[in-house]
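[1] no FASTA, just this:
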């Protein structure tokens, strides 16, 4: 519960051309004032750096900083590795794949009404996690996930959002998730 100096709720999203850029977002507590993502094509040695924009955010549980880093200049249809955080605290290394150049077709999963649990802890989204991992294993062609709303039972409580992000853990770090609220 609540944020810490270590990056959590790490999530990819598309902002622009998915063949040449990817955005990573993460949360820390308010002691962290800046952050950045390091990224590279898988199998290469040199890391590129994308400085992050910081957005303060207050919930019913605590105050946090959300960071957004745009990883740009990417090659189409290429797997990349990335890590995010600051000089003191970094995430583990995750990976993602950019889309094909000038893609005219793509595949995505649209989900809605995934809310689970009460406003009190725990908000358990582990069933969602299992369903999504099974679906994505059966459909590796899926390029991203789109939520069509009703993501939580109570959008005003961080317990629900923390539960949802826990339910997306192991997915949202590797595949873009686009929220429609």
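    Yep, that arrived. Fair warning: this is a prediction, and the values are worked out from it, not measured in the lab.
[2] Measure how buried residue 173 is and give me the count.
    Neighbourhood size, residue 173 [other C-beta atoms under 10 Å]: 22. Placement of C-beta: from N, CA and C, glycine included.
[3] Helices of the chain, start to end?
    For the chain, helices defined by DSSP state H occupy the ranges 126-138, 158-167.
[4] Show me the strands in the chain, by range?
    Here the chain has its strands, by DSSP state E, at 8-13, 21-29, 36-41, 48-51, 53-58, 63-72, 79-85, 94-97, 108-111, 144-147, 177-179.
[5] tell me the angle of the helix or strand of the chain at the bottom of the mean pLDDT ranking relative to strand 8-13?
    Every helix and strand in the chain was compared by mean pLDDT, DSSP states H and E; the lowest is helix 158-167, with a mean of 85. With axes from the mean of the first three to the mean of the last three C-alpha atoms, to 10 degrees applied, the angle from helix 158-167 to strand 8-13 works out at 70 degrees.
[6] Now tell me what touches helix 158-167 from outside.
    Outside helix 158-167, the residues within contact range by C-beta atoms under 8 Å, 6 or more residues apart in numbering are 1-2, 8-9, 11, 59-62, 114-117, 119-129, 151-155, 172.
[7] Which among the residues you listed count as buried?
    Among the contacts of helix 158-167, those classed as buried by 16 or more other C-beta atoms under 10 Å are 8-9, 11, 114-117, 123, 125, 128-129, 151-154, 172.
[8] picking that back up, which stretch among the strands of the chain comes nearest residue 135?
    Distance to residue 135, taken as C-beta to C-beta, is lowest for strand 108-111 among those, at 6.5 Å.
[9] now the closest one, how far from the centre of its chain.
    Distance of strand 108-111 from its chain centroid, counting by C-alpha atoms, centre = their mean, to the nearest Å, is 15 Å.
[10] With stretch 149-169 instead?
    14 Å.
[11] ok, back up a step: which among the helices of the chain is found nearest to residue 51?
    Comparing these by C-beta to C-beta, helix 158-167 comes nearest, at 23.4 Å.
[12] buried set for the least confident helix or strand of the chain?
    158, 159, 160, 161, 162, 163, 164, 165, 166, 167.
[13] can you tell me which residues contact residue 142?
    Taking C-beta under 8 Å, 6+ apart as the test, what residue 142 contacts is 107, 108, 109, 135, 136, 175.
[14] if you set the cut-off to 6 Å instead, what comes out?
    107, 109, 136 (C-beta atoms under 6 Å, 6 or more residues apart in numbering).
[15] Return a ChimeraX selection command for the buried portion of those residues.
    In ChimeraX, this line selects whichever of those come out buried by 16+ other C-beta under 10 Å:
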select :109,136
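[16] from the contacts of residue 142, which is closest to residue 95?
    Lowest distance from residue 95 to those (C-beta to C-beta) belongs to residue 136, with 14.2 Å.
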